[in-house]
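Student: below are the sequence and a predicted model for it; my questions follow.
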Amino acid sequence: MVRRPAILLVAVSVFLCSAQSGHAFTPEVAAGAAAAKVAPKVLKTAAKTLAEIPGAIGQTLYLPLGLVETALCPLPGPTLAGGLKKAAKGIQGPFKLLGSLVKLPFSLAGAAVGK
């Protein structure tokens with residue numbers, strides 16, 4: 001008599017703890033697997049886009065340099081044309097910085113989607 005309930009208990013436990021139910025694929029697990037697959041591409045895109053920001057900040061520093069050179073153009077050495085070129089290059093810096101910052105989320109989303 002004891003043998004039949006024990007066999008039944010073993011059969012039910014084997015059925016409930018089968019190998020298929022051990023590999024549950026929940027939405028959280030699926031999202032984690034997808035994120036792990038896309039992460040290197042997103043990081044590469046983020047690094048490339050973030051690398052543009054220091055260049056734009058450095059280009060912005062040409063504006064005061066160009067204005068000082070333009071103001072000192074009567075002295076020997078600095079020229080008016082050189083100062084105006086540097087000032088024009090410096091004016092473009094903030095716009096490049098703004099463009100890089102606006103482009104960053106869109107490039108990351110595009111890399112995550114796979115485009």
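Tutor: Right, received. Where do you want to start? Residues are numbered from 1 along each chain as shown.
Student: where do the helices sit along this structure?
Tutor: Along the chain, the segments classed as helices by DSSP state H run 3-16, 27-50, 52-60, 62-71, 80-113.
Student: hey, what's the angle from the fourth one to helix 80-113? Just curious.
Tutor: Going back to what we said before, that points to helix 62-71. Between helix 62-71 and helix 80-113, the angle comes out at 170 degrees (axes from the mean of the first three to the mean of the last three C-alpha atoms, to 10 degrees).
Student: output the helices of the chain as JSON lines; include the columns mean neighbour count.
Tutor: Bear in mind the C-beta positions are built from the backbone N, C-alpha and C, glycine included. Putting the helices of the chain into JSON lines (neighbours: other C-beta atoms under 10 Å) gives the following:
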{"stretch": "helix 3-16", "mean neighbour count": "9"}
{"stretch": "helix 27-50", "mean neighbour count": "12"}
{"stretch": "helix 52-60", "mean neighbour count": "15"}
{"stretch": "helix 62-71", "mean neighbour count": "17"}
{"stretch": "helix 80-113", "mean neighbour count": "15"}
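Student: for these, give me a markdown table that also has mean pLDDT.
Tutor: A markdown table is the format used below for those (pLDDT from 0 to 100):
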| stretch | mean pLDDT |
| --- | --- |
| helix 3-16 | 72 |
| helix 27-50 | 83 |
| helix 52-60 | 91 |
| helix 62-71 | 90 |
| helix 80-113 | 89 |
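Student: how much space between the residue nearest the centre of the chain and Y62?
Tutor: Ranked by distance to the mean C-alpha position of the chain (C-alpha atoms, centre = their mean), the top residue is A46 at 2.9 Å. Per C-beta to C-beta, to the nearest Å, A46 is found 27 Å from Y62.
Student: please apply the same query to P78.
Tutor: Using C-beta to C-beta, one gets 14 Å for the distance from P78 to Y62.
Student: hang on, K96 packs against G58?
Tutor: No. Using C-beta atoms under 8 Å, K96 makes no contact with G58, being 10.2 Å away.
Student: for the nearest residue to the residue nearest to the centre of the chain once chain neighbours are set aside, what are its contacts?
Tutor: Nearest residue to A46 in three dimensions, chain neighbours excluded: L108, at 5.9 Å (C-beta to C-beta, 6 or more residues apart in numbering). Taking C-beta atoms under 8 Å, 6 or more residues apart in numbering, we find L108 in contact with V42, T45, A46, T49.
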